[in-house]
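Visitor: based on what follows, work out the 3D shape:
(chains A and B)
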Amino acid sequence: MLREIILLLLIVVLGTGGELCLARAMRTIGQVHDFRPHSLLRVFWRALRVGWMWIALLMMTTAFFSLLAMLSLENVSFVVPVTALSYAAGALGGKIFLGERVAPLRWAGVFLVCIGVTLVWIGKG
Amino acid sequence: MKSSLDLHFKTYALICVMVVFGPLGDVLLSKGMKGVGAVPSFHPADLERMFTAAFTSGAVWLGIGSLLAFFVAYTLVLSRADYSYVQPASAMAYGIVALLGYFVLGEAVTATRWIGVLVICLGVLFVGHTPPRTTESD
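Guide: Have a look, this model is predicted:
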């Protein structure tokens, strides 16, 4: 049980943290308007020179490896639904680190996700 | 008119790719990792053995390929449609994964877990119906 909890925390915290770092890196790079392959390649090379991008890659890679480890222990119909806790981490992270205003409806959604995750965990049997 | 229809068709096609390849990727990863076996501990040697075995599994690579297809479709959809328009597809994915786990992998899913998955889908839909941007533009 402890292994599952540690892996879930790694997936949720590092996955969400990685996405927040990615968003920060992409803001440094600016909006992408041209989706032709050579332009996308240029954006990709530019992204690799941004420190936040490397932090994002490191965090998201660790989250992915944690997901693989968790899938070796538990069923996919359990693992993927409980990773929805990322929505709670995203709302908290957005509010605390990015100063976003979180609408009441979004808190209600986060609350429902938490109830759902609890039910899925209880239903593990 | 034709270009508007074309835009809608392409957006729906990309959302279909997302809905199919996201859950499929998760299920393939699960199938591959079940073949590898449960990680006995977090000891570095055990983790190294598990990840080495994982990356020699065809199902794991097919799963990674599916998730990459999902990620590309997701990025392209977000460039042409609103986040709140795409969000229901993300909510559906949790239900589809549970269904695939039950029907394709033969996993035992209790009634409590089904209800939990439904509540999660509803919660994700709620999250998606809020403004995607609340901070000032840079």
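
Visitor: what about stretch A:62-77 and chain B, touching?
Guide: Yes. Figure legend: stretch A:62-77 in contact with chain B (CB under 8 Å from any CB of the partner chain); contacting residues A:65, A:67, A:68, A:69, A:71, A:72, A:73, A:75, A:76, A:77. Glycine gets a C-beta too; all of them are placed from N, C-alpha and C.

Visitor: mind checking which helix or strand residue B:40 is in?
Guide: Residue B:40 belongs to no helix or strand when assigned by DSSP states H and E.

Visitor: distance check, residue B:57 against residue B:80.
Guide: Taking CB to CB, to the nearest Å as the measure, residue B:57 and residue B:80 are separated by 35 Å.

Visitor: so which of the two has more stuff around it?
Guide: When neighbours are counted by other CB atoms under 10 Å in any protein chain shown, residue B:57 comes out ahead of the other of residue B:57 and residue B:80, with 19 against 14.

Visitor: wait, the more buried one touches residue B:35, no?
Guide: Yes. Contact criterion CB atoms under 8 Å: residue B:57 and residue B:35 qualify, at 5.9 Å.

Visitor: which residues are contacting stretch A:80-93?
Guide: By CB atoms under 8 Å, 6 or more residues apart in numbering or on different chains, the residues outside stretch A:80-93 that reach it are A:8, A:11-13, A:15-17, A:19-20, A:67, A:102, A:106-107, A:109-110, A:113-114, A:116-117, A:120-121, B:23, B:26, B:93-94, B:97-98, B:113, B:116-117, B:120, B:123-124, B:127.

Visitor: now, which of the residues you listed lie within strands?
Guide: Of these, none are assigned to strands by DSSP state E.

Visitor: distance of the residue at the greatest distance from the centre of chain A from residue A:47?
Guide: The C-alpha centroid of chain A is most remote from residue A:38, which lies 28.2 Å away (CA atoms, centre = their mean). In this structure, residue A:38 lies at 15 Å from residue A:47, with CB to CB as the measure.

Visitor: filter the contacts of stretch A:80-93 down to just the ones in helices.
Guide: Members of the contacts of stretch A:80-93 lying in helices (criterion: DSSP state H): A:8, A:11-13, A:15-17, A:19-20, A:67, A:106-107, A:109-110, A:113-114, A:116-117, A:120-121, B:23, B:26, B:93-94, B:97-98, B:113, B:116-117, B:120, B:123-124, B:127.

Visitor: might one say that residue A:106 is in contact with residue B:127?
Guide: Yes. Under the contact definition of CB under 8 Å, residue A:106 touches residue B:127, with a separation of 5.4 Å.

Visitor: which helix or strand contains residue 62?
Guide: As the question left the chain open, I've gone with chain A. When the helices and strands are read off by DSSP H and E, the one containing residue A:62 is helix A:51-73.

Visitor: hmm, no, I was thinking of chain B.
Guide: For residue B:62, the enclosing helix or strand under DSSP H and E is helix B:58-80.

Visitor: one step back: residue A:106 and residue B:127 - which one has more neighbours?
Guide: Under the criterion of other CB under 10 Å, the comparison of residue A:106 against residue B:127 puts residue B:127 first, with 27 against 24.

Visitor: per-residue pLDDT, that one?
Guide: You'll see residue B:127 listed with a pLDDT of 83.

Visitor: contacting residues around it?
Guide: With CB under 8 Å, 6+ apart, residue B:127 has these contacts: A:87, A:91, A:106, A:109, A:110, A:113, B:87.

Visitor: try 7 Å this time
Guide: Residue B:127 sits next to A:87, A:106, A:109, A:110 when contact means CB atoms under 7 Å, 6 or more residues apart in numbering or on different chains.

Visitor: look up how far chain B lies from the third one.
Guide: This points to residue A:109. Applying CB to the nearest CB, to the nearest Å, the value for residue A:109 to chain B is 3 Å.

Visitor: noted, bye for now.
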